[in-house]
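Visitor: got a sequence here, can you model it:
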Amino acid sequence: MRPPRLDRFAASTAVALVLAISSGLALADPDDPAPFENRHPVADAAGATPGAAVGVVSAATAPAAADIETRIPLPEPADVPPITASTLDPAPATADSADANAPAPAAADLADANASAPAAATPAAPPTEAAIQAAIPVPEPADVPPPSLKDLGKNPLGSMKTADLPVAEQMRELISSRLDRLVPGRQERAAVEAFYRGRGFAPLWIDNGRPGERMKAAAARLRAADADGLEPGDYVTPDLGKMMTAEASALAEAELKLTNTVLTFARHAQSGRVTPSRISPNIDFATPAPEPADVLTKLAEAQDVGKALDAFNPPHDGFRALKAKLAELRGRAGETEVVQIPHGKALKLQKKPMEDARVPLLRQRLHLQADPASIEYNGTLADAVRDFQRRRGLGAHGVLDKVTIDALNGRAKSRDIDAIVSNMERWRWLPRDLGKAYVMVNVPDFSLKTVHNGATVFRTRIVVGKPGTPSPSFSAQIENILVNPTWHVPESIIYGEYLPALAQDPTVLSRMGLIVGRNADGRIAIRQPPGERNALGRIKFNFPNRFHVYLHDTPDKSLFNHDRRAYSHGCMRVQNPAQFGEVLASIAIPHERYTAERITRMFGSGEQWLKFKTPIPVHLTYLNAYVDEHGKLVVREDLYGYDGRVQAALRGEYMAIAERSQRVTPGAAAGARTTRSARSRYVLPQQQPGFFPFFSLFRDRSGI
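Guide: Numbering: from 1, shown residues only. Sure, this is the predicted structure:
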């Protein structure tokens, strides 16, 4: 066992070495050529100038200064202040000491111990790195506030103007404390905060401490929002006059409010102010709103803010044409109310023109110039009446009858404006990219067209759903054509119409050529095999959708002669299905070379499929106001009452929407109730012996 004096000697040596190294690290001068040990003598326990005690650790046994500096991880100068001798605690108390509370050995004791030590004694081991690092005091982190924008002087976009620094400081404060009051939307709020932090809080609309050109351009464009069919009152802009002398805090608040306003405008312009499903559950469009971060990036990069905001409107020609017609109607002087035409005998074109006192009023209503004293119903007037009838979806025969007079009296300029605004809103629900080739169905116009590379390559008449069973509105993909389809009757028709009829007459469905049975789960199933009188006709155009509707042929060709063609349960019947099939096949599978004649030769009793390699988009729309190829406004009957509901929604009158919905489609809800109850209680009537439902076919004018 070692003597206690040797233990105290070893502990004192370790402490002295730690102090020496610490002092050396703090005071070493890299440019001083003197040796490390000469530059930094170590004081002994009594504070004397080094003498005999210095020899305890010789140059041969002590680690080199370079080794020590390499082995000790030094803190970065910016994080830890330099360590001086005055910062070290002169009273060592480490875990390596044999007795931390023992008094320091006297100089004589150290000398005796050194003299009595064996000659071959191993010198004391150098202290561990842990001991060295533990002896270096680390200062507590200072609570220093982050540098201000004025101190930084720059942002990622470059040098910020001095006059904008106070505004940026205020914006930083607002974003940190009150952004939720200025930007209510959570998604918008996150984008705004990220946008301005990324700019170093440099303002977008304020320039040199005053409203910049961007703010002026944005405010002017937002004030003209009514030209887009929007409501300018929804987009509050700063008072530019007051902003010229406003303090930095007011400018910062105006900056953030305007940013929120342009985000609102971009969302309304691109995807609309009204949620489509609130107008009707039969409308299923989900046009995504623009990402707020993308909006801010585009506006920050734009040379023309007005054009950048306008670009969020639908890019379609149909929308732009309505916008131009809206400006034309609003700019037309006078004509606050429609000139009323009295009822009377029908006027038509004859060899000897008919004369009537209503003719001057009729010319005034149709904006025709002529001799005011003339009361002749001539060819010019008949052509104008025919053109009006065509635009209103009436029979274009040129006869001034009661129906035409009612239509002439029923529409004021304000009502046309309302119809345009409602249809502009519905354009916003459509996909921004309709497709390189697509099919556009316009339900209230009873029409279908196919567009390829920007040109209309096919157009035909269609039959659509009745007001009680409206055709839905949505976008899908036509995937194939089925020739000689089997009609699987929808449950809504089975339980709502056919089974009640079958309960009254057990032979009614057989006369229609329908087969009645049950599915594996016990539900009643009715189908009609392919054939000449099949309700789907000879061709069916399939596009998957949750409404289970499609485009198809029909055996009832005479319905296409009617001007108002709302007869189906929701599906859309095509007047010229073989030609339509040829057009689609030429786009989707051109190498197959299908023609209308080839498709017609496929008609028979077996199903045949034309599967598309590339599906073709189909858009089922409700556009009862549009501009035709002659540049004239066409306003069709509001078949399902959507215009009134859209106008009510734009005014925030959602109770009115519910009331209109109940008035327009009462049969749909009743049919649903019948369906639910009939499924659980209906029992098929007993069929007569030998009964087989193919005896005769019955013309089904209700169709699908």
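Visitor: can you give me the distance of residue 518 to residue 497?
Guide: Using CB to CB, to the nearest Å, residue 518 is found at 18 Å from residue 497. To be clear about C-beta, it is placed using only N, CA and C from the backbone, and glycine gets the same treatment.
Visitor: more neighbours, these two?
Guide: Using other CB atoms under 10 Å as the criterion, residue 518 and residue 497 rank with residue 497 on top: 15 against 10.
Visitor: which SS state does the more buried one fall under?
Guide: Secondary structure, DSSP: H, G, I helix; E, B strand; the rest coil: residue 497 is helix.
Visitor: right, and residue 643 touches residue 624 too?
Guide: Yes - using CB atoms under 8 Å, residue 643 is in contact with residue 624, at 6.8 Å.
Visitor: for these two, work out which one has more neighbours and name it.
Guide: The neighbour comparison of residue 643 against residue 624 (other CB under 10 Å) goes to residue 643, with 26 against 23.
Visitor: what distance do you get for the more buried one to residue 279?
Guide: Residue 643 is 10 Å from residue 279, by CB to CB.
Visitor: please apply the same query to residue 312.
Guide: 22 Å.
Visitor: and the two? Which one has more around it.
Guide: Using other CB under 10 Å as the criterion, residue 312 and residue 279 rank with residue 279 on top: 27 against 22.
Visitor: what's the pLDDT at the more buried one?
Guide: Residue 279 carries a pLDDT value of 94.
Visitor: give me the nearest residue to it, chain neighbours excluded.
Guide: Spatial nearest neighbour of residue 279, excluding adjacent residues (CB to CB, 6 or more residues apart in numbering): residue 645 at 4.9 Å.
Visitor: tell me the secondary structure at residue 530.
Guide: Three-state assignment for residue 530 (three-state DSSP): coil.
Visitor: show me where the stretch 551-700 of the chain has its strands.
Guide: 551-552, 566-568, 572-574, 608-621, 625-627, 633-635 (DSSP state E, counting those that start in this stretch).
Visitor: the shortest one pairs with which strands, parallel or anti?
Guide: Sheet pairing for strand 551-552, assigned by DSSP bridges, gives strand 539-542 (antiparallel), strand 572-574 (parallel).
Visitor: how about CSV for those, with mean neighbour count, distance to residue 269 and mean pLDDT added?
Guide: Converted to CSV, the strands paired with strand 551-552 look like this (neighbours: other CB atoms under 10 Å; distance: least, CB to CB, whole Å; pLDDT from 0 to 100):
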stretch, mean neighbour count, distance to residue 269, mean pLDDT
strand 539-542, 22, 33, 97
strand 572-574, 25, 30, 98
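Visitor: out of those, the one nearest residue 616 is which?
Guide: strand 539-542 (9.4 Å; CB to CB).
Visitor: picking that back up, would you turn the strands paired with strand 551-552 into CSV with distance to residue 427?
Guide: Below are those laid out as CSV (distance: least, CB to CB, whole Å):
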stretch, distance to residue 427
strand 539-542, 24
strand 572-574, 20
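Visitor: rewinding a little: any chance of the strands of the stretch 551-700 of the chain in a markdown table, with distance to residue 582 too?
Guide: A markdown table is the format used below for the strands of the stretch 551-700 of the chain (distance: least, CB to CB, whole Å):
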| stretch | distance to residue 582 |
| --- | --- |
| strand 551-552 | 14 |
| strand 566-568 | 24 |
| strand 572-574 | 12 |
| strand 608-621 | 10 |
| strand 625-627 | 26 |
| strand 633-635 | 28 |
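Visitor: so which of those gets nearest residue 187?
Guide: strand 608-621 (27.7 Å).
Visitor: which stretch in the strands of the stretch 551-700 of the chain has the least confidence?
Guide: Mean pLDDT values for the strands of the stretch 551-700 of the chain show the minimum at strand 633-635, a mean of 92.
Visitor: what packs against it?
Guide: Packing contacts for strand 633-635, counted by 3 or more CB pairs under 8 Å, 6 or more residues apart in numbering; DSSP states H and E, involve helix 379-391, helix 413-427, strand 625-627.
Visitor: output the first one as PDB, restricted to C-alpha atoms.
Guide: Put plainly, it is helix 379-391. Extracted C-alpha coordinates of helix 379-391, given in PDB (Å, rounded to 0.1, in the frame of the first residue of the first chain):
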ATOM      1  CA  GLY A 379     -89.900  38.800 -93.700                       C
ATOM      2  CA  THR A 380     -87.300  40.800 -91.700                       C
ATOM      3  CA  LEU A 381     -89.500  40.700 -88.600                       C
ATOM      4  CA  ALA A 382     -90.300  37.000 -89.100                       C
ATOM      5  CA  ASP A 383     -86.500  36.200 -89.400                       C
ATOM      6  CA  ALA A 384     -85.900  38.100 -86.200                       C
ATOM      7  CA  VAL A 385     -88.600  36.200 -84.400                       C
ATOM      8  CA  ARG A 386     -87.200  32.900 -85.800                       C
ATOM      9  CA  ASP A 387     -83.800  33.800 -84.500                       C
ATOM     10  CA  PHE A 388     -85.200  34.600 -81.100                       C
ATOM     11  CA  GLN A 389     -87.100  31.300 -81.000                       C
ATOM     12  CA  ARG A 390     -83.900  29.400 -81.800                       C
ATOM     13  CA  ARG A 391     -81.900  31.100 -79.100                       C
END
